[in-house]
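>>> with the sequence up front, the predicted model follows.
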Amino acid sequence: MKERSSLQVTLHVWHALFMREATARMSGDRLGWTWMLLEPIAHISIMIAVREFMGRIRFIPGADFIPFLIVGIMGFFVFRDAANRSMLAINSNSGLFAYRQVHPVDTIIVRSALEGTLKTIVFVLMVLGAAFLGMQIIPSDPLKVMVCWLVLWLLGFGLGLIFSVIATLVQEAEKVIRMLMFPLYFLSGVIIPVQFMPYSVQQYLLYNPIMHSIESMRYGFFQSYRSIEGIELLYPISFALVMICLGLMLQIRLKMKLMTQ
């Protein structure tokens, strides 16, 4: 038998883990695929109901309200799920570390990739569905939208690398991290347009790389959209690269501890 290279072994491991994760993700509960599509629809429906009840935010400069929500919610979801689900990847696959070809970081990479793939499919379906219903949601700059989507996934992947170390070594940290995602949901311009917030609050929100990515993606969707000054894509890209490097260093440094927890 021909000896495999290290790259071939790694690719085979990733393929096997991906198929295992995909099967578990689809058959792990009764809703499976259905919930991945129903969750963002439920969020959008609730926000539309709240908007109608409160009578606020009737007009967003350069974008319709529902397409505005779809882009923001799906953008945040790809970040959130990549981070949250990667956080538990090591504990969920601890039995596989008996095979020397499987490393903790492999499980995180594969689970993040799976979440990114699934969310991309759901996002495309939602955009096509909204366009079919007559909404103005076809991207004016598809390349920018794809780059912003990738950056949001990279932010989630970078945080997942770090969170997985914390959650594996300190089990209670998982609950705290999940709780932190809730305020971040509202502080990223997902639901409430950042343009409508006080100027003093806007200056603090500019430190949030997720908000930069979501607003940049809206620029790619809506040609006439106007956000606050200071939005740029280079900031979240740099932030994501720093987190990925830090996460990989932690994975290498604490590899043996992670495998024996």
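Yep, it's here.

>>> now for residue 10: which residues touch it?
Contact partners of residue 10, counting by C-beta atoms under 8 Å, 6 or more residues apart in numbering, are residue 106. C-beta coordinates here come from the backbone N, C-alpha and C atoms, glycine included.

>>> just the helices in the stretch 51-200 of the chain please.
65-87, 89-92, 104-132, 142-169, 173-186, 199-205 (DSSP state H, counting those that start in this stretch).

>>> hey, C-alpha coordinates of the shortest one in CSV?
This points to helix 89-92. Extracted in CSV, the C-alpha atoms of helix 89-92 (Å, rounded to 0.1, in the frame of the first residue of the first chain):
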residue,chain,number,x,y,z
ALA,A,89,-16.5,20.3,19.3
ILE,A,90,-13.6,18.9,21.5
ASN,A,91,-15.9,17.5,24.2
SER,A,92,-18.3,16.0,21.7
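
>>> hmm, which helix or strand of this protein has the shakiest average pLDDT?
For the chain, scoring each helix and strand by mean pLDDT, DSSP states H and E identifies helix 33-54 as the least confident one, at a mean of 72.

>>> dump the helix or strand harbouring residue 235 to CSV, restricted to CA.
Secondary structure here is read from DSSP states H and E; on that basis residue 235 sits in helix 234-253. Included here for helix 234-253 are C-alpha records, laid out as CSV according to Å, rounded to 0.1, in the frame of the first residue of the first chain:
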residue,chain,number,x,y,z
LEU,A,234,-10.4,45.9,7.2
TYR,A,235,-11.0,46.1,10.9
PRO,A,236,-13.0,42.8,11.3
ILE,A,237,-10.6,41.1,8.9
SER,A,238,-7.7,42.0,11.1
PHE,A,239,-9.6,41.1,14.2
ALA,A,240,-10.5,37.7,12.8
LEU,A,241,-6.9,36.9,11.8
VAL,A,242,-5.6,37.9,15.3
MET,A,243,-8.2,35.6,17.0
ILE,A,244,-7.5,32.7,14.7
CYS,A,245,-3.7,33.0,15.4
LEU,A,246,-4.3,33.3,19.1
GLY,A,247,-6.7,30.3,19.0
LEU,A,248,-4.3,28.1,17.0
MET,A,249,-1.5,29.0,19.5
LEU,A,250,-3.7,27.9,22.4
GLN,A,251,-4.7,24.7,20.6
ILE,A,252,-1.0,23.8,20.1
ARG,A,253,0.1,24.9,23.6
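
>>> and the angle from it to helix 142-169?
For helix 234-253 against helix 142-169, the angle by axes from the mean of the first three to the mean of the last three C-alpha atoms, to 10 degrees is 30 degrees.

>>> tell me which residues touch the spatially most central residue of the chain, please.
Nearest to the mean C-alpha position of the chain, by C-alpha atoms, centre = their mean, lies residue 79 at 1.5 Å. When contacts are counted by C-beta under 8 Å, 6+ apart, residue 79 is found next to 152, 153, 155, 156, 210, 213.
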